[in-house]
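Novice: My questions are about this predicted structure, shown below with the sequence.
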Amino acid sequence: MLRRILSYASWSVIDQLVRLSVGLVVGIALARHLGPAQFGTYSIVLAILVIAGCLVPLAADPIVIRELARRPNATDRILGSQAALRSTGSLLAIAAATIGIVLQGPNLGSVEPLVYILSISFLFHPFETVGAWLNASLLGRANIIARLPIFLIMAAVRLMLIFLQAGITAFLILIPIEAALAAASLGVVYHSLGHRIALWRVNFDEMLSLFRSSWPLLLAGLSTLLYMRTDIVMLGMLADNREAGIFGVAARFSEMWYFVPTTAVMASQPIISQLRERDPARYIETLQLLYGIMFWFSFLIAVGFTLTADFMVNLLFGDHYAQAALVLKIHIWAAIPVFLGVAGSQFLIAENYVYISMWRTMIGLAANVLLNLCLIPRWGAQGAAVATVVSFAIATFSLFLFKATRGHFSILWPVFRPSWPVNAIKPLFSALKSCKS
């Protein structure tokens, strides 16, 4: 069992690294090809679809995976009910995307009618139910094998379209095509493993139970995506598409590092959960070690990008995106609260403070929207970058507002001392030895 878990974790890391590296190359080429204004339009469309897509999984995958593990005899009923909830969520997502398109109005220009058609990509999302089943069955490798080739093929197609000097319409049309191919690939993999989608059964009570268990996670996920993508949408509404394109380029550099804390948390979660029950002192020490590594790693990333932003932006994107260098110098500092926030989620999960995690995310979203309303009209993409950094910091440090988590800051504050990296060498080696044992 442990070997299968580690195998899936390693495949997940490889999948993320491939997607990030290939996505970065395609993103740079696409940004140079389209130019700031059209790349801004493309970024706004993607942001609208991503935000609306949060409504699709009315049954959260972690809840479905938990139920499949608890009740393997009810697999067809659980999967059928999740697929039905996803179908309902797809219709809600189409409606939400339509509202987002209407609000953007003339900012989308000639592609506005096409964007309505693009929202049909949500109709293929019920097939994502297969992915939840593969993960629950510890067949994550098959899940990745089903999706990754489609991603790589579509990346190659995008590069070919760039070579052929295609317009923005061609790149937008690829969105529903990729969704359809991914859905078909998941269906083929499911059937190849000896199962049949036709055997799934929809049960209203099951749907209601899954939704009731899922809504806090869904709300937290929606809030997270909103305050990570609302900047682009609000730039299109309060400034112009060129500012959105400038911001999109800078954010792409910053956000490519966000897989690091997620991977670190995935690796440390079993250890932290065990120490919480067995050795409270080492549990606190390990949490502080995780905080320290996240802080100092993100600090070095922020300093490095601040010093090299002008050179990198000019080299990779050209003179048209020169303004993105200053935006990147600001936006990259959001890495620190993001890394610390992801690390802090381990504490909230271990202590069963899930509701605080939800409120923390919503506080960050409210701060982000208010700051964008104040800063974007005057400073454009730079104002949006400031709003991102400040709102992420507010969300991360909002734990101080809750009585249950206020004392947790005694664990966090010491890692900010300049002497912490030197003092942490011994605990780090001890943690590595415990991982090996």
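Specialist: It's in. Everything numeric in this text was worked out from a predicted model, so none of it was measured.
Novice: didn't Ala250 look like it was pressed against Thr388?
Specialist: No - if you go by CB atoms under 8 Å, Ala250 and Thr388 don't touch, sitting 9.7 Å apart. C-betas here are computed from N, CA, C, even on glycine.
Novice: list the helices and strands whichever strand or helix holds Ala156 packs on?
Specialist: Using DSSP states H and E, Ala156 sits in helix 140-163. Applying 3 or more CB pairs under 8 Å, 6 or more residues apart in numbering; DSSP states H and E, one finds that helix 140-163 makes contact with helix 2-53, helix 128-136, helix 168-192.
Novice: Give me the contact list for the last one.
Specialist: Spelled out, it's helix 168-192. Under the criterion CB atoms under 8 Å, 6 or more residues apart in numbering, residues 30, 34, 38, 41-42, 45-46, 49, 111, 114-115, 117-118, 120-122, 124-125, 127-128, 130-131, 133-134, 142-143, 145-147, 149-151, 153-154, 157-158, 161, 197 lie in contact with helix 168-192.
Novice: Got a PyMOL select line for the buried ones in these?
Specialist: To isolate the buried members of the contacts of helix 168-192 in PyMOL, using 16 or more other CB atoms under 10 Å:
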select buried, resi 30+34+38+41+42+45+46+49+111+115+118+121+122+124+125+127+128+130+131+133+134+142+143+146+147+150+151+154+157+158+161+197
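Novice: okay, and for the stretch 251-400 of the chain, where does confidence drop off?
Specialist: 266-271, 273-274, 349, 354 (pLDDT under 70).
Novice: ok, now with 80
Specialist: Along the stretch 251-400 of the chain, segments meeting pLDDT under 80 span 262-279, 282, 345-355, 357-358.
Novice: Show me where it has its helices.
Specialist: Assigned helices in the stretch 251-400 of the chain, in chain order: 259-278, 280-317, 323-331, 335-350, 354-397 (criterion: DSSP state H, counting those that start in this stretch).
Novice: Now find how far off-centre the helix or strand just after the longest one is within its chain.
Specialist: Just to be clear, that refers to helix 354-397. Per DSSP H and E, the first helix or strand lying C-terminal to helix 354-397 is helix 409-412. What separates the centre of helix 409-412 from the centre of its chain is 26 Å, taken as CA atoms, centre = their mean, to the nearest Å.
Novice: Was I right to think Arg406 contacts Phe397?
Specialist: No - assessed by CB under 8 Å, Arg406 is found out of contact with Phe397, at 11.1 Å.
Novice: and those two? which has more neighbours close in?
Specialist: Comparing Arg406 with Phe397 by other CB atoms under 10 Å, the one with more neighbours is Phe397, at 17 against 11.
Novice: Wait, the more buried one touches Pro337, no?
Specialist: Yes - counting by CB under 8 Å, Phe397 does reach Pro337; the two are 7.5 Å apart.
Novice: Setting the sequence-adjacent residues aside, check what's closest to the spatially most central residue of the chain.
Specialist: Taking CA atoms, centre = their mean, the centroid of the chain lies closest to Leu225, which sits 7.0 Å from it. Nearest residue to Leu225, sequence neighbours excluded (CB to CB, 6 or more residues apart in numbering): Cys54, at 5.2 Å.
Novice: and that neighbour, how many neighbours does it have?
Specialist: 20.
Novice: what does the one 4 residues further on give?
Specialist: With neighbours defined by other CB under 10 Å, the count for Leu58 comes to 20.
Novice: Which of the three states applies to it?
Specialist: What DSSP: H, G, I helix; E, B strand; the rest coil gives for Leu58 is coil.
Novice: Distance check, it against Leu315.
Specialist: According to CB to CB, to the nearest Å, Leu58 stands 44 Å off from Leu315.
Novice: Then Ser192?
Specialist: Distance, Ser192 to Leu315, using CB to CB: 45 Å.
Novice: for Val22, same thing?
Specialist: Taking CB to CB, one finds Val22 at 19 Å from Leu315.
Novice: Same drill for these two, tell me which one is more crowded.
Specialist: Ranked by neighbour count (other CB under 10 Å), Val22 and Leu315 place Val22 first, with 16 against 10.
Novice: how deep is the nearest residue in space to that one that is not next to it in sequence tucked in, by neighbour count?
Specialist: Using CB to CB, 6+ apart and skipping the chain neighbours, the partner closest in space to Val22 is Ala155 (5.1 Å). Neighbour count of Ala155, defined by other CB under 10 Å: 20.
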